[in-house]
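Engineer: give me the fold of what follows.
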Amino acid sequence: MISAILLTISFLLLGFTFAPPLLGFIIFSFSLTFGPVALITAIPLTLDVAYVGTALGIYKCASNIGSTLMDPVIGVVQDIYDR
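Structural biologist: Residues are numbered from 1 along each chain as shown. Model (predicted):
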């Protein structure tokens, strides 16, 4: 929840205000700290050692699948709403 809230705040600052961009990027960095980095470091703490490699592999696959599917969609949206 903290990661999503910080990500939303950073996008709002970067897209809709005249605040210095550095502020939005710093908040964005904290969002990445609370989200994906916390998830990766929590995997070995919650699973048996024998399953850590598999869990990290599944996480990486899911992350790459999301990037592979969403990057073209975002490109199409940008083409449609060209400013």
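Engineer: could you identify the helix or strand that succeeds the lowest-mean-pLDDT helix or strand in the chain?
Structural biologist: Least confident helix or strand of the chain, by mean pLDDT, DSSP states H and E, is helix 38-46 with a mean of 89. Where DSSP states H and E defines the elements, the next helix or strand beyond helix 38-46 is helix 52-80.
Engineer: what about that following helix, distance to the chain center?
Structural biologist: From the chain centre to the centre of helix 52-80 is a distance of 10 Å (Cα atoms, centre = their mean, to the nearest Å).
Engineer: equivalent analysis for stretch 17-33, please.
Structural biologist: 13 Å.
Engineer: what average pLDDT does it get?
Structural biologist: The average pLDDT within stretch 17-33 is 93.
Engineer: run through who's touching that stretch.
Structural biologist: Outside of stretch 17-33, the residues within contact range by Cβ atoms under 8 Å, 6 or more residues apart in numbering are 3, 4, 6, 7, 9, 10, 11, 13, 14. In short, each C-beta sits where N, CA and C put it, glycine included.
Engineer: give me the subset of those lying in helices.
Structural biologist: 3, 4, 6, 7, 9, 10, 11, 13, 14 (DSSP state H).
Engineer: export the host helix or strand of residue 28 to PDB, keeping only CA atoms.
Structural biologist: Using DSSP H and E, residue 28 maps to helix 21-32. Output in PDB follows, covering the C-alpha atoms of helix 21-32 (Å, rounded to 0.1, in the frame of the first residue of the first chain):
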ATOM      1  CA  PRO A  21      11.100  17.000 -10.900                       C
ATOM      2  CA  LEU A  22      13.700  15.900  -8.400                       C
ATOM      3  CA  LEU A  23      11.000  15.700  -5.700                       C
ATOM      4  CA  GLY A  24       8.900  13.400  -7.800                       C
ATOM      5  CA  PHE A  25      11.900  11.200  -8.600                       C
ATOM      6  CA  ILE A  26      12.900  10.900  -5.000                       C
ATOM      7  CA  ILE A  27       9.400   9.900  -4.000                       C
ATOM      8  CA  PHE A  28       9.400   7.400  -6.900                       C
ATOM      9  CA  SER A  29      12.700   5.900  -5.600                       C
ATOM     10  CA  PHE A  30      11.100   5.400  -2.200                       C
ATOM     11  CA  SER A  31       8.200   3.700  -3.900                       C
ATOM     12  CA  LEU A  32      10.500   1.200  -5.500                       C
END
